[in-house]
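Student: Fold the following for me, if possible:
(one chain, ligands or ions: 2)
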Amino acid sequence: MRHTLTATLLISLLNLSACDKLGNAAMLPASDSNAMPTSDMSNMQKTFTVTLESLSDGPSPLSPGLYFVHRDGMPFFTAGMLDRGQGLENNAEDANPAKLAQAVPGSVIFNTPVGGTQPGPATPGKKFEFSFTASPGDHLSFLTMFGQSNDAFYAPADTGLPLFNGNMPVTGDVTSQISLWDAGTEMNQMPGTGPDQAPRQTMPGMGTAEKLPLVTMANRMDGFTYGQAIKVTISAR
Ligand SMILES: [Ca+2]
Ligand SMILES: [Ca+2]
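Tutor: Numbering: from 1, shown residues only. Ligands and ions are numbered 1, 2, ... in the order given. Reported below is the predicted structural model:
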């Protein structure tokens, strides 16, 4: 019952947003088909598929979110700093990635769970999946809201997840490299019951604002237990 309610409400939130931003986010060096073969592997490309699975026995659905493939930089946030006000807050509090996707050109929204036909959260047992091409040196940044929270989201480090180890693509279960972060924009309530959390708030943005550095939930030390809601795996070919 709880999950059905959660899904319904998150979907209704989603309908408030434009979720039509699709395309290939990979910012890759232009390949030169006339180039001579060289030992430099920078032109080597692999196709990656990333799966964000909402654990079937997990404590929360995962919201729609977005990803970005990049060489360097911190596209979505800087750990230890305030949220930049570019839209991460909307994704972390209200499951709406549209504003942040506009602020980060080349980023790509994922919003429809595998097997689904409508944008909505990945409720426990469901998953988001996306594919892109990348070359050695590329990093993957993404974020997805921990739905049953005020402003918590899963993401790799601010610099993203390295997609290659040397010239070898990084594959397999990378969940240990993904953290639960607190956006520092809304005061935390008990996960799964807080009245200002996305599944229960009567409209987006409800809750007591806070202005705290964006840190991992482990470092926020709010006294609540969140549990593990996500499993992240990568394959490459
Ligand atoms: Ca918070
Ligand atoms: Ca809220």
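Student: can you pull out the helices in the chain?
Tutor: In the chain, the helices defined using DSSP state H lie at 2-14, 88-94, 98-103, 217-220.
Student: Tell me which other helices or strands the third one touches.
Tutor: What that stands for is helix 98-103. Helix 98-103 sits against helix 88-94, strand 108-110, with contacts defined as 3 or more C-beta pairs under 8 Å, 6 or more residues apart in numbering; DSSP states H and E. C-beta: built from backbone N, CA, C; applies to glycine.
Student: and that helix, which residues are buried?
Tutor: Of all the residues in helix 98-103, those buried under the rule 16 or more other C-beta atoms under 10 Å are 98-101.
Student: which one of those sits closest to residue 86?
Tutor: Closest approach between the buried residues of helix 98-103 and residue 86, by C-beta to C-beta: residue 100, at 5.9 Å.
Student: pretty sure the closest one is touching residue 90, no?
Tutor: Yes - using C-beta atoms under 8 Å, residue 100 is in contact with residue 90, at 6.8 Å.
Student: How about the residue sitting nearest the centre point of the chain: what's its closest non-neighbour residue?
Tutor: For the chain, residue 143 is the residue whose C-alpha lies nearest the centre (C-alpha atoms, centre = their mean; 1.5 Å). For residue 143, the nearest residue in space outside its immediate sequence neighbours is residue 155; the separation is 4.1 Å by C-beta to C-beta, 6 or more residues apart in numbering.
Student: would CSV of the buried residues of helix 98-103 with pLDDT be doable?
Tutor: Shown next, in CSV, are the buried residues of helix 98-103 (pLDDT from 0 to 100):
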residue, pLDDT
98, 98
99, 98
100, 98
101, 98
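Student: Take those and lay them out in JSON lines including distance to ligand 1.
Tutor: As requested, the buried residues of helix 98-103 are arranged in JSON lines below (distance: C-beta to the ion, whole Å):
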{"residue": "98", "distance to ligand 1": "21"}
{"residue": "99", "distance to ligand 1": "18"}
{"residue": "100", "distance to ligand 1": "17"}
{"residue": "101", "distance to ligand 1": "22"}
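Student: Give me the neighbour count for the closest residue in space to residue 66 that isn't next to it in sequence.
Tutor: Once its chain neighbours are removed from consideration, residue 66 has its nearest residue in residue 97; the separation is 4.4 Å (C-beta to C-beta, 6+ apart). As a burial measure, residue 97 scores 32 neighbours (other C-beta atoms under 10 Å).
Student: Next: residue 224.
Tutor: Here the number of neighbours of residue 224 (other C-beta under 10 Å) works out to 17.
Student: Verify the contact between it and residue 187 for me.
Tutor: No - using C-beta under 8 Å, residue 224 makes no contact with residue 187, being 11.5 Å away.
Student: Got the confidence number for the residue of the chain found nearest ligand 2?
Tutor: The minimum distance from the chain to ligand 2, using C-beta to the ion, falls at residue 207 (3.5 Å). According to the predicted model, the pLDDT of residue 207 comes to 98.
Student: Any regions of the protein where pLDDT drops low?
Tutor: For the chain, residues meeting the criterion pLDDT under 70 lie at 1-42.
Student: How about the residues of it by ligand 2?
Tutor: 93, 196, 201, 206-207 (C-beta under 5 Å from the ion).
Student: Could you dump these into CSV with distance to ligand 1 and neighbour count added?
Tutor: Listed next are the residues of the chain next to ligand 2 as CSV, based on distance: C-beta to the ion, whole Å; neighbours: other C-beta atoms under 10 Å:
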residue, distance to ligand 1, neighbour count
93, 9, 28
196, 11, 18
201, 14, 19
206, 13, 16
207, 9, 21
